[in-house]
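Trainee: Let's see this in three dimensions:
(one chain, ligands or ions: 1)
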Amino acid sequence: MTLEELIVPHRLLLGPGPSNVDPRVYKAMMSPVIGYLDPQFLRLLEETQEPLRAVFRTTNELTIPISGTGSLGMEAAIYNTVEEGDTVIVAINGFFGLRMADMARRCGATVVTVEAPWGQIVEPEQLEDALRRHPETKAVCIVHAETSTGVLQPLLPVVELAHQYGALLIVDAVTSLAGCPLEVDAWGLDVVYSATQKCLSAPPGLAPLTLGPRAMELVLKRREPCRSWYVDVTLIRQYYGQPRRYHHTPPMTMLYALREALRLILEEGLEERWRRHRRHARALWAGLEAMGLRLHVEREEHRAPPITTVCVPEGIDEAQVRNGLLERHNIEIGAGFGPLQGRVWRIGLMGYSSQPQNVLALLHGLEEELRRQGFPCPPGAGISAASRSLASGGDDA
Ligand SMILES: *Cc1c(COP(=O)(O)O)cnc(C)c1O
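Mentor: Next up, the predicted model:
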């Protein structure tokens with residue numbers, strides 16, 4: 001038996017993740033694998049924690065990459081803090097809120113859901129109402145940037161409410177970290193996790209996690225051990241402490257990738273990176289609207305710059321457009337799912353993928369694919385509007 005050489009096409013990744021990987025990150029991944037107790041590797045691990053704290057905007061001691069994808073970051077956040085019999089409020093306005101609720105239930109919690117339509121934020125009044133009805137609530141779970149809907153949830157009013165009722169706030173920042181303003185310490189967020197393949201622009205495989213002092217105190221006071229051995233932070237932190245104790249073999253190659261991705265963020269500047277995501281998203285929005293398309297999230301301040309949902313016009317076969325973009329233009333975008341299935345496309349401008357020429361390439365390809373199906377796009381209108389927006393330098397910068 002023989003196997004042919006692996007050949008994978010270079011795609012322009014403008015979907016809900018993964019995003020394109022910066023060539024410098026690939027280069028770092030060519031570095032040799034060494035032992036997990038090799039002083040050189042331990043130095044690299046420590047070096048990586050400081051920039052990770054900088055990107056989370058925190059001084060939290062426990063700020064580490066969990067070995068797994070974003071969903072394992074979610075499990076680490078929830079399984080460490082939630083115990084059998086706890087009451088947990090979960091804000092649900094999209095797919096990832098549902099996943100958080102599922103995990104909290106698997107920990108034996110009584111889950112109270114607070115729901116909003118897919119495309120709108122969860123209003124603080126709704127959460128306040130739930131907290132008033134359940135003052136025993138241990139934690140509130142919420143998604144910052146809902147990748148399934150394109151909504152950016154304002155966190156400040158939510159964290160104030162949670163703390164007022166003595167609850168922790170657990171935040172999914174998988175799509176927002178390094179793509180939109182996020183301030184773990186200044187906003188007082190207790191538990192926050194992310195993933196490497198969205199705005200950090202490294203391959204999927206690590207889930208950055210940070211736990212604040214209130215969360216850590218609860219973790220250390222647990223009645224019974226965390227139900228997951230693998231993500232139990234009281235065990236994992238022994239590897240980071242002195243003396244170092246083996247927990248599991250960290251995926252070295254992914255740590256090299258994360259280190260280089262963080263180095264790129266430090267070079268660019270975190271705030272400039274937030275502004276870049278916003279600038280290119282605004283150009284995309286202007287272009288899509290000039291083509292005669294409607295954005296699914298109506299209020300601009302509730303749109304997450306890394307992920308845009310745009311409505312599929314009446315009579316257009318949405319899958320045919322996506323397939324055409326992939327086959328003829330080499331561009332990946334995402335479909336809607338759940339209640340948004342067949343109703344929206346999801347366009348990501350995350351990390352290395354958030355570049356002006358990518359916005360223009362997407363608008364060009366989309367226009368061509370829509371015209372194939374007879375949609376009356378004014379020729380070049382999308383690109384012109386996006387170029388004007390880009391030339392204005394993002395007027396909110
Ligand atoms: C992608 C994503 C996840 C899950 O991450 P995986 O790496 O796919 O496990 C969780 N939450 C949000 C908001 C996401 O966008």
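Trainee: Could you give the bridge partners of the closest residue to Pro16 other than its chain neighbours?
Mentor: Distance criterion CB to CB, 6 or more residues apart in numbering; nearest residue to Pro16, sequence neighbours excluded, is Gly334 at 4.3 Å. Where you see a C-beta, it was placed from the backbone N, CA and C, and this is true even at glycine. Listed by DSSP bridges, the beta-bridge partners for Gly334 are Arg346.
Trainee: show me what contacts Gly334?
Mentor: With contact set as CB atoms under 8 Å, 6 or more residues apart in numbering, Gly334 has these partners: Gly15, Pro16, Arg322, Trp345, Arg346, Ile347, Gly348.
Trainee: 6 Å - rerun?
Mentor: When contacts are counted by CB atoms under 6 Å, 6 or more residues apart in numbering, Gly334 touches Gly15, Pro16, Arg346.
Trainee: mind listing what the residue of the stretch 51-200 of the chain found nearest the ligand touches?
Mentor: Among all residues of the stretch 51-200 of the chain, Gly70 sits closest to the ligand, at 2.4 Å; criterion: CB to the nearest ligand atom. Applying CB under 6 Å, 6+ apart, we find Gly70 in contact with Val174, Ala195, Ala207.
Trainee: any idea how far the ligand is from the last one?
Mentor: Just to be clear, that refers to Ala207. 7 Å (CB to the nearest ligand atom, to the nearest Å).
Trainee: Give me the secondary structure label for that residue.
Mentor: The assignment at Ala207 comes out as strand when based on DSSP: H, G, I helix; E, B strand; the rest coil.
Trainee: again with the second one
Mentor: In three-state terms, and counting by three-state DSSP, Ala195 is coil.
Trainee: what's the answer for Leu366, then?
Mentor: Under three-state DSSP, the three-state class of Leu366 is helix.
Trainee: what residues does the stretch 1-150 of the chain put near the ligand?
Mentor: For the stretch 1-150 of the chain, the residues in contact with the ligand (CB under 6 Å from any ligand atom) are Gly17, Thr69, Gly70, Ser71, Met74, Phe96, Val143, Thr147.
Trainee: helix or strand for the fourth one, which one?
Mentor: Think Ser71. For Ser71, the element it lies in under DSSP states H and E is helix 70-81.
Trainee: show me what contacts the residue of the stretch 201-350 of the chain found nearest the ligand?
Mentor: Nearest residue of the stretch 201-350 of the chain to the ligand (CB to the nearest ligand atom) works out as Pro204 at 5.3 Å. By CB under 6 Å, 6+ apart, Pro204 lies in contact with Pro18, Thr69, Gln197.
Trainee: Name the nearest residue to it, sequence neighbours excluded.
Mentor: Gln197 (3.9 Å).
Trainee: Check Arg244 too.
Mentor: In space, and not counting its chain neighbours, Arg244 is closest to Leu37: 6.5 Å by CB to CB, 6+ apart.
Trainee: so which strand or helix has Ala385?
Mentor: According to DSSP H and E, Ala385 maps onto helix 381-391.
Trainee: Pull out the buried positions in that helix.
Mentor: Across helix 381-391, burial judged by 16 or more other CB atoms under 10 Å covers Ala381, Gly382, Ile383, Ala385, Ala386, Ser387, Ser389, Leu390.
Trainee: picking up where we left off before, scan the contacts of Pro204 and report the most crowded one.
Mentor: In terms of neighbour count, Gln197 stands highest of those at 25 neighbours, by other CB atoms under 10 Å.
Trainee: thought that residue was touching Pro16?
Mentor: No: with contacts counted by CB atoms under 6 Å, Gln197 stays clear of Pro16, the gap being 10.2 Å.
Trainee: Quick check: neighbours shared by the two?
Mentor: Counting by CB under 6 Å, 6+ apart, Gln197 and Pro16 have no common neighbour.
Trainee: export the helix or strand bottoming out on mean pLDDT in the chain as CSV, just CAs?
Mentor: Ranked by mean pLDDT, DSSP states H and E, the helix or strand of the chain with the weakest confidence is helix 233-240, at a mean of 94. Extracted C-alpha coordinates of helix 233-240, given in CSV (Å, rounded to 0.1, in the frame of the first residue of the first chain):
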residue,chain,number,x,y,z
VAL,A,233,-6.5,23.4,37.1
THR,A,234,-5.4,22.4,40.6
LEU,A,235,-3.5,19.6,39.0
ILE,A,236,-2.4,21.4,35.9
ARG,A,237,-0.9,24.3,37.9
GLN,A,238,1.6,21.8,39.5
TYR,A,239,3.3,21.7,36.2
TYR,A,240,3.7,25.5,36.3
